[in-house]
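>>> Sharing a sequence plus its predicted fold:
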Number of protein chains: 4
Amino acid sequence: MKISIAGASGYTGIELLRGLLPYKEVEVVQITSRQYEGKYLEDVFPHFSSTKYAELKFDSEIDPECADLYFLCLPHQPSLHLVKELIDKGKKVIDLSAAYRIKELTRYPEFYGFEHSYPDLLEKAVYGLPEIFRDQIKEVSLVANPGCYPTATLLALYPAVKENVVSSEKVIVNALSGISGAGRSLKQQFHYPEAFGDAYAYNPVKHRHIPEMEDVVQRFSGKKIGIRFTPHILPVSRGMISTVVFETSLNKSQLEELYRLEYRYEPFIRIQSSPPHIKNVVGSNYCDIYVDYDEKNKLAVVISAIDNLGKGASLQALQNLNLMTGLPEDKYIKELSENSILFP
Amino acid sequence: MKISIAGASGYTGIELLRGLLPYKEVEVVQITSRQYEGKYLEDVFPHFSSTKYAELKFDSEIDPECADLYFLCLPHQPSLHLVKELIDKGKKVIDLSAAYRIKELTRYPEFYGFEHSYPDLLEKAVYGLPEIFRDQIKEVSLVANPGCYPTATLLALYPAVKENVVSSEKVIVNALSGISGAGRSLKQQFHYPEAFGDAYAYNPVKHRHIPEMEDVVQRFSGKKIGIRFTPHILPVSRGMISTVVFETSLNKSQLEELYRLEYRYEPFIRIQSSPPHIKNVVGSNYCDIYVDYDEKNKLAVVISAIDNLGKGASLQALQNLNLMTGLPEDKYIKELSENSILFP
Amino acid sequence: MKISIAGASGYTGIELLRGLLPYKEVEVVQITSRQYEGKYLEDVFPHFSSTKYAELKFDSEIDPECADLYFLCLPHQPSLHLVKELIDKGKKVIDLSAAYRIKELTRYPEFYGFEHSYPDLLEKAVYGLPEIFRDQIKEVSLVANPGCYPTATLLALYPAVKENVVSSEKVIVNALSGISGAGRSLKQQFHYPEAFGDAYAYNPVKHRHIPEMEDVVQRFSGKKIGIRFTPHILPVSRGMISTVVFETSLNKSQLEELYRLEYRYEPFIRIQSSPPHIKNVVGSNYCDIYVDYDEKNKLAVVISAIDNLGKGASLQALQNLNLMTGLPEDKYIKELSENSILFP
Amino acid sequence: MKISIAGASGYTGIELLRGLLPYKEVEVVQITSRQYEGKYLEDVFPHFSSTKYAELKFDSEIDPECADLYFLCLPHQPSLHLVKELIDKGKKVIDLSAAYRIKELTRYPEFYGFEHSYPDLLEKAVYGLPEIFRDQIKEVSLVANPGCYPTATLLALYPAVKENVVSSEKVIVNALSGISGAGRSLKQQFHYPEAFGDAYAYNPVKHRHIPEMEDVVQRFSGKKIGIRFTPHILPVSRGMISTVVFETSLNKSQLEELYRLEYRYEPFIRIQSSPPHIKNVVGSNYCDIYVDYDEKNKLAVVISAIDNLGKGASLQALQNLNLMTGLPEDKYIKELSENSILFP
């Protein structure tokens, strides 16, 4: 099986390449990057210098014929159209942009500044969170790979919402993200001397990931739940925490039981007995979850941790690749995950 | 005026010494530390080697006669008794432990593991948050200097609670703290290689600062408000963010107006027009506050930032010193604050 | 006395503003920045929001009439010409670029890519390292403020070279620098996620600061000493270490005595009894120096630490300001230095 | 093949466990740790919770019968005696302490504070740097696994010394190390708030790794070369740079050719065309090397980068395991290395 990665020099693209190194059934035949056109992978990223992909050369544009499956690591709008073109040619696509994540059309102009041109195709796209949409992912040609904040937050919410034990109409979410989540493009606030030793909330009332989360909750549960979401910048490269608070009538042991039961066969979810550390998931496709209950205030507190580039982006995309191509779901990525978590 | 600092080799003690360097009206006559007994300050902390306190020597025990005012940077229980002894001798005391912060006696055995032996003295102690208790601080001999989380959180809550515009019975607080907040004692999880690149929630349902916050809210407002408080560890030395969410019927501009009005004469509160960065307050006694409103969910979002060792501990203690001794409230510490905030 | 700062939105410009806050004798009347033209200082840098310079507005271009003394924080070539213009108008100038640091004309095209157009003016400029050129600085209108690596390295070398105890013709220098030394302009390698957790040598055989160091050594000692200089990037914002190795026949106590004697009246040099930590000088104008001797190899090891933006740039520029204007040399900056060193 | 790891809860022990996860031919049957006796691996280190070794239990003492090969991650003196006991029983041992690294007996009391009790066994031990002693490692039962500084430095020196092109009697080495190199035991200077943002040289004239380096140089080259070694602390968890300067008559291209030729078949050495970044080797067994030449001073500058816990300790120990047991030398660890290098 042949693979092409569009936008391969960004952080999600490079992480896909790391994750694809052990694969024997698939071969990366093309990587694209306008910035590095004509350069070898190992010359731009010397840590690949000893690998089988060291001498892949960056192309400027995607070749829609060269591969069977395409990973798109592009901005939302270019992705929107390229997905259409590739699907029309009968290719499989895993789109890491937000272009096909939200079903409600009005959200695109409101949150992303463009009208969605392909409502029919949008209808067919499956949201690539295997713990919720596994069966559909197996059958589909177009997977909209989830954002990092939605992955961490939805996995912390899913069992409770699905089993109908959330008794409030609103859920309060505070999240922390490493800076790689903001991508590889240069910005003053992420210049090292300025970000060093700093932390802060941002976009405190209108982050783009809010409609994505609310849309997915409604899709799997039929419920409209308001998500009060405050993201914060963490001065690390990778890692994400989502701390979710909601009203419930279950107690701590019932809640924990519910989560353990729901996720008991999930290869990449680990229910932990203490609040998760990002350091225990960075480099991996794991989502570590801790469930607690504040008796005095009758509030559940569920905390999840992921690697924003791993389970929050590229390794989850490989989990979707495995599902779409009939490989065992955890093939290669479980071993990669175990191998890559560094302590200390 | 003569000053003694008990427990001067901990982080709050050293920060007091930094803050006291410019003072002309007071003189530090004693510093204590069992660990460094007999050593010169500059030999233990070489960055003091060029200062007027370079050759202060650490004593093992406090001398209750040597000074007019004592800063206690000790564990809660030793502080409990030493405060009593010093007050009985007619000394002024600023206690940086929690021993005299909470009025409700039952909370001590529940959260701190000891019975409070001096309820009469506890009654007289004033909570050293000048923005709320300024007038009382001016009159008293014993100030219980606030904890860092309560300082950041109460300053974010005070105008809204005081003006009675919080319409929920619960307030959701997520906070982030630099590791210096945990003190100077060695712990495995704060060994550099393990804390490097990590972040996580801790004590998610029963942190010691919860009763302190609830107690103070009740004192100034007469209301019982439940505080759902989740603290998180930030991989920096200093800095603290508190993100507070509550129901209200005010809109964004009304809320912001309320906060600007309430704090208009405060020398150390700065209402900002975007979410505050810890880097803009580290080294200072400032509390930067941002007010926002989530219309869809009818929820206020108030975010505050402080230096946990500055406004969250030792520089606030100097603000209290100024109030207790009749100096202008911002004397020395405003200039020190302006001088010490490094960019980048 | 009126001051103008050209290029005030870069790191050295902002650090000058911090350092000038306590000055009573001088007033900053102009700050320039093309990028932020027309904006208030406090809107671009909120940590200035409570200071006397909060409402200074950035101009686009320098006004050569508005001030008595100009700090130039510009690229080398624009500085070259602006210095000439200002000196011709009878103004005093402290130039933080390299345009007037090196006396040997051929080095400019070789290391900086331009011919020096004003050899006469270059002749008159004084290198602004007070520990070596104090008397000349007091008399001159144009000070070429030293680079950070030369400051740290020359202060570690000066007593030994001056007293003629270096017996080798080459000196081996390894240096470490925080990333703020590379300035505020965005570069891929200093994007936070990429610089996080990284360290590396760079420009290992031809760094621009080499001719500056060799030129100054020759000027004060008459000797041609080859400097083998390898700089390394440290993943911090501020701080610099220079580790200097040379042959000598003195032993450890003779060496240390030599350094203590030479620097005994220097207000900003602290000879330490153990290798200096950058954390003990960040925020200050201090240079901490440690002297050791490797008996087996007959090699001196001298290690210095500075803040690259403090003694390595802007606070040293204020030390020069004091000298040029007849203020006590350590006025304001000694207190600022003491106040700003944070522990931890 | 059965494996036991003594001192498995330290950083080198845990790194061995990570590296052994993919091995199919060997099984870890015992891990020891006095501190965690009786606890499950996953309870102490939750990132192992999903792995095949999750439920290994820590024993207090080593069982000298349970395994075929022992990794000793213990302090030097306990290792000294345990090695003897295990070798006498016919076991294979890879000792990560320094107890058997140096052939010259007098160095042990001088640098380590104990007399070496087993000179005969010391004679037989092979220094586990495969690039130099590969053939001997294959034949031996006792491998003294190298220290991290010696690994980085010797690999940067080996081709030049071996081919006799170093024309000076002294070599100047400056090295930078992440803090994990100092181990897992708590120390005040490695408490996170104090090490955060700091860097400094330490042990500037008498580091324990100096005799190890000089001893090995003499063993493979017959030469006595003095090593002037200054180590520095880097504020990261993992990663090490060694910058080596020596006189030579070769030019840059001759030097580079020499290194490329010498290391052309080495699976874990990568000659790079620019100075190596620690980030490109952290998590791996690679040593990246860059060779340059300072024409003016006639000095070679060779810079190497390793992960101090990878090639500098535990992954190199696995390379030795492969050699001692007849597995392909790069088996598992090359794939692990490729998989584990994170960008960004």
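That came through fine. A quick note: this is a predicted structure, and the numbers were derived from the prediction, not measured. Numbering: from 1, shown residues only, chains lettered A, B, ... in the order given.

>>> Quickly find the element holding A:Ile14.
Counting by DSSP states H and E, the element that carries A:Ile14 is helix A:11-20.

>>> can you confirm A:Asp330 is in a helix?
No: assigned with DSSP: H, G, I helix; E, B strand; the rest coil, A:Asp330 falls outside any helix and is coil.

>>> Not counting its neighbours along the chain, what's nearest it?
A:Pro267 (4.1 Å; CB to CB, 6 or more residues apart in numbering or on different chains). In this view, the C-beta of every residue, glycine as well, is placed from N, C-alpha and C.

>>> residues near the one you found, how many?
19 (other CB atoms under 10 Å in any protein chain shown).

>>> Quick check: it vs chain C, distance?
In this view, A:Pro267 and chain C are 28 Å apart by CB to the nearest CB, to the nearest Å.

>>> got it, and A:Phe268?
Where chain C is concerned, A:Phe268 sits at a distance of 23 Å (CB to the nearest CB).

>>> and that residue, what does it touch?
A:Asn285, A:Tyr286, A:Cys287, A:Lys311, A:Gln319, A:Asp330, A:Ile333, A:Lys334, A:Ser337 (CB atoms under 8 Å, 6 or more residues apart in numbering or on different chains).

>>> just checking, what packs against the biggest helix by length in chain A?
The helix spanning the most residues in chain A, taking DSSP state H as the definition, is helix A:148-162. If you count contacts as 3 or more CB pairs under 8 Å, 6 or more residues apart in numbering or on different chains; DSSP states H and E, helix A:148-162 packs onto helix A:130-139, strand A:170-177, helix A:209-221, strand A:226-233, strand A:240-247, helix A:252-262, strand A:287-294, strand A:299-306.

>>> which of the ones you listed is buried the deepest?
Burial of the helices and strands packed on helix A:148-162 is given as mean neighbour count (mean count of other CB atoms under 10 Å in any protein chain shown); strand A:299-306 ranks first at a mean of 28.

>>> That strand packs against which elements?
helix A:148-162, strand A:240-247, helix A:252-262, strand A:287-294, strand B:226-233.

>>> Just the mean pLDDT for it, thanks.
On average, the pLDDT along strand A:299-306 is 98.

>>> Give the next helix or strand downstream of that strand.
Taking DSSP H and E, what comes next after strand A:299-306 is helix A:315-325.

>>> what's the spacing between the residue of the stretch 1-150 of chain A found nearest chain C and A:Arg18?
Closest contact between the stretch 1-150 of chain A and chain C, by CB to the nearest CB, is at A:Tyr11 (7.0 Å). Distance, A:Tyr11 to A:Arg18, using CB to CB, to the nearest Å: 11 Å.

>>> Mind listing the shared neighbours of these two?
Counting by CB under 8 Å, 6+ apart, the residues touching both A:Tyr11 and A:Arg18 are D:Phe343.

>>> Neighbour count for the two, which is higher?
Each of A:Tyr11 and A:Arg18 has its neighbours counted (other CB under 10 Å); A:Arg18 has more, 27 against 23.

>>> Leaving aside the residues adjacent along the chain, what's closest to that one?
D:Asn339 (6.9 Å).

>>> Quick one: closest of the helices and strands packed on helix A:148-162 to D:Ala300.
For the helices and strands packed on helix A:148-162, proximity to D:Ala300 was assessed by CB to CB; strand A:226-233 is nearest, at 43.2 Å.

>>> So is the closest one next to chain C?
No: applying CB under 8 Å from any CB of the partner chain, one finds strand A:226-233 separated from chain C by no less than 9.4 Å.

>>> near chain D at all, that strand?
No: figure legend: strand A:226-233 not in contact with chain D (CB under 8 Å from any CB); closest approach 15.0 Å.

>>> Also compute the angle for that strand relative to helix A:148-162, please.
150 degrees (axes from the mean of the first three to the mean of the last three CA atoms, to 10 degrees).

>>> And the strands in the stretch 1-150 of chain A, which stretches?
A:2-6, A:27-32, A:58-59, A:69-72, A:92-95, A:126-127, A:142-144 (DSSP state E, counting those that start in this stretch).

>>> so what does the fourth one touch, helix or strand wise?
Identification of packing neighbours for strand A:69-72 by 3+ CB pairs under 8 Å, 6+ apart yields strand A:2-6, helix A:76-88, strand A:92-95, helix A:315-325.

>>> Skip ahead from the shortest one and say which helix or strand is next.
Spelled out, it's strand A:92-95. helix A:107.

>>> wouldn't the residue of the stretch 1-150 of chain A closest to chain C be in contact with D:Pro344 here?
Yes: between A:Tyr11 and D:Pro344 there is a contact under CB atoms under 8 Å: 6.0 Å.

>>> any residues in contact with both of these two?
Common neighbours of A:Tyr11 and D:Pro344 (CB under 8 Å, 6+ apart) are A:Ser180, A:Arg184, C:Pro193.

>>> how close does the residue lying farthest from the centre of chain A get to B:Gly226?
No residue in chain A sits farther from the centre than A:Lys296, which is 34.3 Å out by CA atoms, centre = their mean. A:Lys296 sits at a distance of 6 Å from B:Gly226 (criterion: CB to CB).

>>> And for A:Leu157?
Taken as CB to CB, the span from A:Leu157 to B:Gly226 is 22 Å.

>>> With A:Ile278 instead?
29 Å.

>>> Helix or strand: which one has the residue farthest from the centre of chain A?
Following DSSP H and E, there is no helix or strand that holds A:Lys296.

>>> shouldn't A:Lys279 be in contact with A:Phe343?
Yes: using CB under 8 Å, A:Lys279 is in contact with A:Phe343, at 7.2 Å.

>>> Which residues are in contact with each of those two?
B:Glu194, D:His47.

>>> neighbour count winner among the two?
Taking neighbours as other CB under 10 Å, A:Lys279 and A:Phe343 compare with A:Lys279 leading, 27 against 20.

>>> Is the more buried one in a helix, a strand, or coil?
helix.

>>> ok, so what distance separates it from chain D?
8 Å.

>>> Wait, A:Tyr290 touches A:Gln272, no?
Yes: the pair A:Tyr290 / A:Gln272 is scored as a contact, 5.1 Å apart, by CB under 8 Å.

>>> Map the structural domains onto the sequence of chain A.
Structural domains annotated on chain A: A:2-146+A:310-329, A:148-306, as defined by automatic domain parsing.

>>> Tell me which of the ones you listed sits nearest to D:Pro78.
Between the domains of chain A, domain A:148-306 lies closest to D:Pro78; by CB to CB that is 29.4 Å.

>>> next one: that closest one to chain centre, how far?
Offset of domain A:148-306 from its chain centre (CA atoms, centre = their mean, to the nearest Å): 12 Å.

>>> Ok, stretch A:26-46 next?
23 Å.

>>> Whether that stretch contacts chain C - can you check?
No: judged by CB under 8 Å from any CB, stretch A:26-46 and chain C are separated, with a smallest distance of 9.5 Å.

>>> Please name the residues that touch A:Ser97.
A:Leu72, A:Cys73, A:Leu74, A:Pro75, A:His76, A:Ser79, A:Leu80.

>>> Could you report the pLDDT at the residue lying closest to the last one once chain neighbours are set aside?
The reference is to A:Leu80. Leaving out its chain neighbours, the residue that sits closest to A:Leu80 by CB to CB, 6+ apart is A:Ala99, at 4.1 Å. pLDDT, A:Ala99: 98.

>>> Next, count neighbours for A:Leu105.
Around A:Leu105 there are 11 residues (other CB under 10 Å).

>>> For A:Tyr293, see how far away it is.
38 Å.

>>> try A:Gly10
40 Å.

>>> Format the contacts of A:Phe268 as CSV; extra columns: pLDDT and distance to C:Phe114.
Listed next are those as CSV, based on pLDDT from 0 to 100; distance: CB to CB, whole Å:
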residue, pLDDT, distance to C:Phe114
A:Asn285, 98, 53
A:Tyr286, 98, 55
A:Cys287, 98, 56
A:Lys311, 98, 52
A:Gln319, 98, 55
A:Asp330, 98, 60
A:Ile333, 98, 54
A:Lys334, 98, 58
A:Ser337, 98, 53
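
>>> All set, thanks.
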